[in-house]
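Novice: Provided below are the primary sequence and the corresponding predicted coordinates.
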Amino acid sequence: MINLLNNDNFSKKYFKSLNSEQKDVYIKSRFYSDIANPASSLLTYAVQLLLYSIAGYMVVNGGISLGEFSTFALYIQLFKKPFLSLTGTFNSIRVAFSSLNRVLEILELPDDINPDASVLNKEDVKGDIEFKDISYKNISNLNLKIQSGEIINLVGESKDDLIDLLLLFDKTDNGKILLDGEDIAQYTPNSYRRVYGVSLEDDWIASESVRDNISYADRDIGTDKIVETTKLLGIHELIEKFPDGYDTKLSNDFKNFSSGEGKLICVASALMADPKILILNYPNYLSFEKLKTITEGKTTLILTPDDTLIDFADKTVYLD
């Protein structure tokens with residue numbers, strides 16, 4: 001993921017080779033780990049048995065008392081535990097170093113960002129989008145114009161591929177995408193993506209408070225603005241039911257809230273970015289009335305299943 005965000009022309013072949021190397025390192029690490037644990041345990045118990053045998057012989061022959069033997073056995077048990085823990089620690093260190101090498105290999109990959117890319121001023125954006133002769137994966141020669149403020153219903157298996165292209169996560173095989181008549185490839189990815197508010201199917205919740213998740217795009221946003229947005233979505237009352245309201249700590253494994261509640265928080269976060277263009281995976285947890293309210297005045301792309309159509313959309317585009 002690190003390389004995908006910083007190197008748009010990502011080399012899949014090189015990525016596979018890195019994964020292959022990592023696989024070999026991991027197998028070796030697990031092999032030595034699985035050997036070391038039973039070997040250390042066997043050695044420990046063998047030494048323990050030997051010492052018990054010698055001490056038992058000394059008790060029988062009057063060399064030491066039974067109480068001294070019990071104390072001796074207790075000391076052996078106390079010594080054995082940290083020894084076994086130390087062995088486990090060494091195994092963890094080996095696995096950690098193999099993982100660190102993998103991360104460093106990815107971080108050292110060269111960036112493929114255009115050094116002459118210009119910064120896009122979000123305030124100058126109107127929101128007109130045009131796809132010109134786009135070919136990519138199963139998309140062939142797509143031409144589509146979206147006017148500022150239009151709501152587009154995207155349907156079909158290739159809708160996610162189109163969003164990847166629009167957000168500069170990949171490059172087209174042919175054609176280009178224009179924003180307000182300008183090729184989006186000329187902009188730096190970070191400045192360009194600030195134009196968008198995005199909530200897709202694979203949204204991620206951070207293990208932080210509800211407030212921090214909603215204001216993820218701008219930590220300086222005040223509580224009044226957050227509450228205004230959640231009321232617009234109809235989730236203010238839901239958040240207030242959490243133990244600590246907006247300060248409730250969320251879990252990214254969805255243990256303390258439902259996936260639907262998490263999606264609503266992600267939509268709120270997308271709106272808090274004050275986007276010029278809004279991209280939403282169909283939020284079936286919102287009524288059409290609320291969906292129409294939050295998309296009003298924004299260029300909006302709504303990704304829906306094949307059997308769901310947004311009746312107030314200006315266009316429905318089928319991407320088979």
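Specialist: Received the coordinates, thanks.
Novice: show me the strands in the stretch 151-300 of the chain, by range?
Specialist: Per DSSP state E, counting those that start in this stretch, the stretch 151-300 of the chain carries strands over the ranges 151-155, 174-179, 182-183, 196-199, 277-281, 299-304.
Novice: may I see the domains of this structure written out as residue ranges?
Specialist: 7-107, 149-171+185-318 (automatic domain parsing).
Novice: need these in a markdown table (columns: distance to Asp128 and mean pLDDT).
Specialist: For every residue, glycine as well, the C-beta is placed using N, CA and C. As requested, the domains of the chain are exported to a markdown table (distance: least, CB to CB, whole Å; pLDDT from 0 to 100):
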| stretch | distance to Asp128 | mean pLDDT |
| --- | --- | --- |
| domain 7-107 | 23 | 68 |
| domain 149-171+185-318 | 8 | 86 |
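Novice: burial count for Glu261?
Specialist: Neighbour count of Glu261, defined by other CB atoms under 10 Å: 20.
Novice: now do the contacts for it.
Specialist: Neighbouring residues of Glu261 by CB atoms under 8 Å, 6 or more residues apart in numbering: Ile235, Leu238.
Novice: how far away is it from Gln77?
Specialist: 49 Å (CB to CB, to the nearest Å).
Novice: nearest spatial neighbour of Ile64, skipping sequence neighbours?
Specialist: Met58 (4.9 Å; CB to CB, 6 or more residues apart in numbering).
Novice: cool, Ile235 as well?
Specialist: Leu264 (4.7 Å).
Novice: I figured the one you found hits Leu233, correct?
Specialist: Yes - with contacts counted by CB atoms under 8 Å, Leu264 reaches Leu233, the gap being 6.1 Å.
Novice: mutual contacts of these two, please.
Specialist: With CB under 8 Å, 6+ apart as the test, Leu264 and Leu233 both reach Leu286.
Novice: which among the domains of the chain is found nearest to Pro115?
Specialist: Of all the domains of the chain, it is domain 149-171+185-318 that lies closest to Pro115, at 10.0 Å by CB to CB.
Novice: now the end-to-end length of the closest one.
Specialist: In domain 149-171+185-318, first residue to last residue: 20 Å (CA to CA, to the nearest Å).
Novice: distance between it and the chain's centre?
Specialist: Taking the mean of its C-alpha atoms, domain 149-171+185-318 sits 15 Å from the chain's own mean (CA atoms, centre = their mean, to the nearest Å).
Novice: tell me, how many residues neighbour the residue nearest to Trp204 when sequence neighbours are not counted?
Specialist: Distances taken as CB to CB, 6+ apart place Asn252 nearest to Trp204, at 6.6 Å, with adjacent residues excluded. If you count neighbours by other CB under 10 Å, Asn252 ends up with 12.
Novice: look up how far Ser199 lies from Asn252.
Specialist: Asn252 is 16 Å from Ser199, by CB to CB.
Novice: ok, Pro283 next?
Specialist: Applying CB to CB to Pro283 and Ser199 gives a distance of 7 Å.
Novice: overlap in contacts, the two.
Specialist: Lys263, Val267.
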